[in-house]
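Peer 1: Return a 3D structure for these sequence lines:
(2 chains)
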Amino acid sequence: GDSVTQMEGPVTLSEEAFLTINCTYTATGYPSLFWYVQYPGEGLQLLLKATKADDKGSNKGFEATYRKETTSFHLEKGSVQVSDSAVYFCALSEGGNNDMRFGAGTRLTVKP
Amino acid sequence: NAGVTQTPKFQVLKTGQSMTLQCAQDMNHEYMSWYRQDPGMGLRLIHYSVGAGITDQGEVPNGYNVSRSTTEDFPLRLLSAAPSQTSVYFCASKLLAGVGDTQYFGPGTRLTVL
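Peer 2: Modelled structure (predicted):
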């Protein structure tokens, strides 16, 4: 079945460092791909998404490109801030009713 | 719009007790779902609904019941709580069923079963 694999955390960076969180997926069809962010004590919020190959999702300085050839959707940000400290989840959906799959989550801590 | 709301935020139960976690959305979304979040395992789908009167099982349905009598509400029932059900529970919704689109999440309910 479909699945998502994310790099294990936790990840600790200094402010203004470059961030990459790796995400790869397996799917039978052509899924939509998502990054969600969870701030402490809150629910998940959509950070960005991409619905087809070579699409780039972007939001709040974060970017991820849908790479069908490598089945990847890596999250990047050029300069992280303390306020980016959160847990990041990669997810996919092929459009069925029972099909949204999440990665295990990667905890990011940014130190001043 | 309040979005997706959940009550309570925190709950402690004893083994064998029952309770209902409430979930409501005011976005007229067709699809609603319940997930549990456990450390190192991401989110796993418990049950989902594609519209009022229609529910189905997800990945981890055992020990949980759901119903969908209205478009807005989707309660999750634990009939006889077990320590293995200690988790954080999230309700989510999206506009249309059967479409790979964004799901909107509630703030979560942290449940501890002693």
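Peer 1: Output the below-cut-off pLDDT ranges for chain A.
Peer 2: Within chain A, the stretches with pLDDT under 70 are A:97-98.
Peer 1: what does it put close to chain B?
Peer 2: Contact residues (Cβ under 8 Å from any Cβ of the partner chain) of chain A with chain B: A:4, A:31-32, A:34, A:36, A:41-46, A:49, A:51, A:89, A:93-100, A:102-105. C-beta coordinates here come from the backbone N, C-alpha and C atoms, glycine included.
Peer 1: Which residue, other than its chain neighbours, is closest to the residue nearest the centre of chain B?
Peer 2: For chain B, the residue sitting closest to the mean C-alpha position, by Cα atoms, centre = their mean, is B:W34 at 2.8 Å. Leaving out its chain neighbours, the residue that sits closest to B:W34 by Cβ to Cβ, 6 or more residues apart in numbering or on different chains is B:I46, at 4.4 Å.
Peer 1: Could you verify my assumption that that neighbour touches B:V60?
Peer 2: Yes. At 5.6 Å, B:I46 and B:V60 qualify as touching, with contact defined as Cβ atoms under 8 Å.
Peer 1: Who has more neighbours out of the two?
Peer 2: Neighbours were counted for B:I46 and for B:V60 using other Cβ atoms under 10 Å in any protein chain shown; B:I46 has more, 23 against 18.
Peer 1: I'd assumed that one was in a strand, is it?
Peer 2: Yes. Inclusion of B:I46 in a strand is indicated when DSSP: H, G, I helix; E, B strand; the rest coil is applied.
Peer 1: re the thing from before, helix, strand or coil: sort out the residue nearest to the centre of chain B for me.
Peer 2: Reduced to three states by three-state DSSP, B:W34 is strand.
Peer 1: contacting residues around A:E16?
Peer 2: A:79-81 (Cβ atoms under 8 Å, 6 or more residues apart in numbering or on different chains).
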